[in-house]
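> This is a predicted model, with the sequence first.
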Amino acid sequence: MNRYLLPSLFAVSALYAQASEPMADASERLLSALEKEVEALEQIQKPEDATEVLGELRDALKELEAMAASVDDAELWQYIENTEGVKQPLVDILSQLALQMARIEEAAYFNHSGLQELLAPQTEETPEVQNAKLEKIRAVDYDDE
C-alpha cells in the first residue's frame, strides 16, 4: 500500500507546488509594491514632499495594477489565506498603508491635487466597495445568530 501511496503523495505535492509558484510570486510582488507605496507615503510630511515623491508613488501603484492584471484574485487570496507565513506580512503592511492614507487624507492631501488624484482610486468609495462593506456587515450579523 505504501508503495503506491507515497509516490502519489509526492506527485500531488509537486503539482501543488507548481500551481502555487505563480501565486507565491504574485503575493511577493503584492507585498513589495505595497511596501513601496507605504515608504513613499511616509516621506510626505509637507506639500513640497508630495511633488518629490509622486513618481515613486506612481511606480508603486503601476506595479500593483500590473500584478492585479496578471493573476486571478480569487486564486491569489486563496493562496495568501492558506499558505503559512504569507498572510501576516500583508496584514501588517496593509495596516501601515491604512495609517498613512488616513494621515494623508487628514492633511487634505497636503493641498496637492496630483497626490489626491493619484490616490483617489484607493480612497474613494465606489458603489462596489460600499456593497462589499454592506455584505461583510450582513455576514457578521448572520454569524451572531
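Received it, and whenever you're ready, just let me know what you need. Computed from a prediction, not measured in an experiment: that's the story for all the values here.
> For the residue nearest the centre of the chain, which residues are in contact?
Nearest to the mean C-alpha position of the chain, by Cα atoms, centre = their mean, lies residue 30 at 5.6 Å. Applying Cβ atoms under 8 Å, 6 or more residues apart in numbering to residue 30 gives the contacts 64, 67, 76, 90. Just so you know, the C-beta spots here come from the backbone N, C-alpha and C atoms, and that holds for glycine as well.
> from what I can see the second one touches residue 31, true?
Spelled out, that is residue 67. No - using Cβ atoms under 8 Å, residue 67 is not in contact with residue 31, being 10.0 Å away.
> Show me the strands in the protein, by range?
Counting by DSSP state E, no segments of the chain form strands.
> For it, which segments are assigned as helices?
2-43, 47-70, 73-82, 87-106, 113-123, 127-144 (DSSP state H).
> among these, where is the model least confident on average?
Per-stretch mean pLDDT for the helices of the chain is lowest at helix 127-144 (a mean of 65).
> neighbours of the closest residue to residue 103 other than its chain neighbours, just the number please.
Leaving out its chain neighbours, the residue that sits closest to residue 103 by Cβ to Cβ, 6 or more residues apart in numbering is residue 41, at 7.8 Å. Residues lying near residue 41 (other Cβ atoms under 10 Å) number 23.
> Against residue 69, how distant is residue 41?
23 Å (Cβ to Cβ, to the nearest Å).
> Could you verify my assumption that residue 53 touches residue 44?
Yes - counting by Cβ under 8 Å, residue 53 does reach residue 44; the two are 5.6 Å apart.
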